[in-house]
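> coordinates only, sequence not included:
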């Protein structure tokens, strides 16, 4: 097979295919509405080469393992849509979305010089696009060896490794000469015209790849990096082990005085680039040295160091993106970089991801960013964050086992799950986990901000929460947050609380101190409720020594960017409505539930688990298709019903993606509403849902079927419904797990009708403009 690899994407070359035909109609190859089948009826697959491969929201979402990952589109030849010359198509068009940074991949146009659909010749184009969403247009002139009168198939290969977010492909088509798509970028990075190629290697964006760790031979045997022209890159034999793997990473195990460097050949960077970005996992301190000059030619070299662990103070036990501006090393106005050197101190294995220079204006959500240096000696990293004048607000200093510093009672939500132990002499509190099970992640410790339901903390809007940790075991993580008190500020209101704002502690941790801007909690500060510790990731005990709000953060503290987070929804917003949110249950009772809803002429929202849908013996896919056809709302409820706070990042993503995919592929609708199993949420889950625009639905009416459904007093489900309904609840949580619960459903419905409430779907009760009108 012929392999034409064209590195980089820069300018639009002339289109080789003539489009002088009378008419040219673009061909949609795949709009990504169905997994494994494109618009031409052809097979679409990754053959199991990717970590995940799902269709969601008209996007094919792939988590790549690296060089060996690929996916392909067939059916062009068999469908008779294979002659680009006759049809007048000018090239290939698709979108690529990446949240983790630039993406590289190879596009393989498979063609044949004769009319055959069984053999082909490959022609490759290497594509590199920026972080965000980019419209890629590849004229057929990019594939000079292709036989355009007989296109057999397409494949997408050698994709960048993804660790957190999938790469999303959309709108795959052949376009006409007069219909070239315009590139757009909706996230970080400049607008990019992704068209044909030139011989210059590198991305079309301002960002510059120094080393992508994509070619083991280039680095390990030739000693070059990915720059053009290449520059020296090596450990000079100082490491115990030094290898490039297939995940585009460099893994090394240091010895004493080990280092790794990559040269930039005295490249002038200050006029175009703002700093360096890379990913790293490290068990100890790593010194990053910039060797630079202030004049061209680099006849005189200066060097400056930054210390990642001590200056950032964030855990590096997983791959962490780090950005370092030039100003962290030097205040020189003009900089020519000769090399970047990494000097590890620990002798355990380290992993280093691709190294790039980034442009001014580039953003890297969630990255650990070193602040600028200062010319003043002895103060290498001053506080660059706003300073409040509100003063200190002390919440808890643990001098009492029953009350906090404000005289309000602090306690655990469930001491069997999360147990606080107070050492009033040492002024500490230790949280332990008696049962040490996944359910323990559902435990919370709260400390009210006053003896009132609502506390007005609006004067502290520019201040910082400070939590001091006396003892934090390795691997432990948790969430800190504040409750949102009800709008009436009455303790008997329902719901109470109305929600809570929270952040992941590890992102804000410097040493043993957590500093969080109050603005990051996304609550109305005029109605602040209790301070919370929740969503602990392991069952190792943690000791705390103070909780307070302060004016500023100390020098050296890094405050990360605020991540997206939508509110938790507990109640309807459309007056006089109530919505039944029904979670999965016993498949044998599903048809009975549908019969009751049908006979009562009401619509509900079903929160569907993905895994039971895939078991066709349950018949749930058919039941829910019927429910959808009858006007009920289909939402999702994860794939296998985990405690989300206790799962890893990878498992969390897997639950979301597979839950959505199962509903989409087996019921035929893309869910935009979600209910967390057990009501268990943490900041990681909330961020991922917010990034997808998915609403997180809780409840304010609980029939407590989980408690009373199989008890000797199942009628207490009626009491539970009536109590929470009459106190103002409007979104129901129930399951069809038990005969007793299903038998009471009609009574629940008629109780709501008798009170004059309109029974609608959850999206309708929230006034969603995409919901059907309320009848």
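On my side now, so go ahead. Just so it is clear, the structure is predicted and the values come from calculations on it, not from any experiment.
> which secondary structure element of the chain has the lowest mean pLDDT?
strand 368-369 (a mean of 66; mean pLDDT, DSSP states H and E).
> what's downstream of it, the next helix or strand?
Tracing the chain C-terminally past strand 368-369 and defining elements by DSSP states H and E, one meets strand 393-396 next.
> list of residues touching that next one?
404-406, 410, 429, 447, 449, 457, 460, 463, 531, 546-549 (CB atoms under 8 Å, 6 or more residues apart in numbering). In this view, the C-beta of every residue, glycine as well, is placed from N, C-alpha and C.
> what helix or strand is residue 113 on?
For residue 113, there is no host helix or strand (DSSP H and E).
> from residue 535, how far off is it?
60 Å (CB to CB, to the nearest Å).
> quick one, which of these two is more surrounded?
A side-by-side neighbour count of residue 113 and residue 535, using other CB atoms under 10 Å, places residue 535 first with 27 against 12.
> tell me the contacts of that one?
Shown in contact with residue 535 (CB under 8 Å, 6+ apart): 441, 478-479, 502, 645, 680-683.
> looking at these, which are in strands?
Those of the contacts of residue 535 mapping onto strands are 479, 502, per DSSP state E.
> let me have the contacts of residue 535 in TSV, adding pLDDT as columns.
Converted to TSV, these look like this (pLDDT from 0 to 100):
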residue	pLDDT
441	89
478	96
479	97
502	97
645	91
680	95
681	96
682	96
683	95
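> just the closest of the contacts of residue 535 to residue 718, please.
Set against residue 718, the nearest of the contacts of residue 535 by CB to CB is residue 680 (26.3 Å).
> now which of the contacts of strand 393-396 would you call buried?
404-406, 410, 429, 447, 449, 457, 460, 463, 531, 546-549 (16 or more other CB atoms under 10 Å).
> let me know the closest of those residues to residue 565.
Distances from residue 565 to the buried ones among the contacts of strand 393-396, taken by CB to CB, are shortest for residue 531, at 17.3 Å.
> for residue 275, what is the enclosing helix or strand?
Using DSSP H and E, residue 275 sits in strand 273-281.
> what lines up beside that strand in the sheet?
The strands beside strand 273-281 in its sheet (DSSP bridges) come out as strand 320-325 (antiparallel), strand 350-352 (antiparallel), strand 355-359 (antiparallel).
> can you name the element that comes right after the longest one?
So that's strand 320-325. Downstream of strand 320-325 (by DSSP H and E), the next one is strand 336-344.
> all helices for the stretch 101-250 of the chain, in order.
Counting by DSSP state H, counting those that start in this stretch, the stretch 101-250 of the chain has helices at residues 216-220.
> can you give me the buried ones in stretch 752-759?
752, 757-759.
> inside strands: which ones of the residues you listed?
In strands, judged by DSSP E, the following of the buried residues of stretch 752-759 are found: 758-759.
> and the buried residues of stretch 752-759, which two are the farthest apart?
Longest span within the buried residues of stretch 752-759, CB to CB: 752 and 758, 8.6 Å.
> between those two, which contacts overlap?
By CB under 8 Å, 6+ apart, residue 752 and residue 758 have these common neighbours: residue 578.
> where along the stretch 101-250 of the chain do the strands fall?
Taking DSSP state E, counting those that start in this stretch, the strands of the stretch 101-250 of the chain run over residues 103-111, 121-129, 132-139, 151-157, 167-176, 208-211, 233-234, 239-244, 250-254.
> next, the angle strand 132-139 makes with the first one.
To tie it back to what came earlier, the one meant is strand 103-111. 30 degrees (axes from the mean of the first three to the mean of the last three CA atoms, to 10 degrees).
> OK, contacts around the residue nearest to the spatial centre of the chain?
By CA atoms, centre = their mean, the chain has its centre lying nearest to residue 688, at 4.4 Å. Each residue near residue 688 by CB under 8 Å, 6+ apart is listed here: 652-653, 656.
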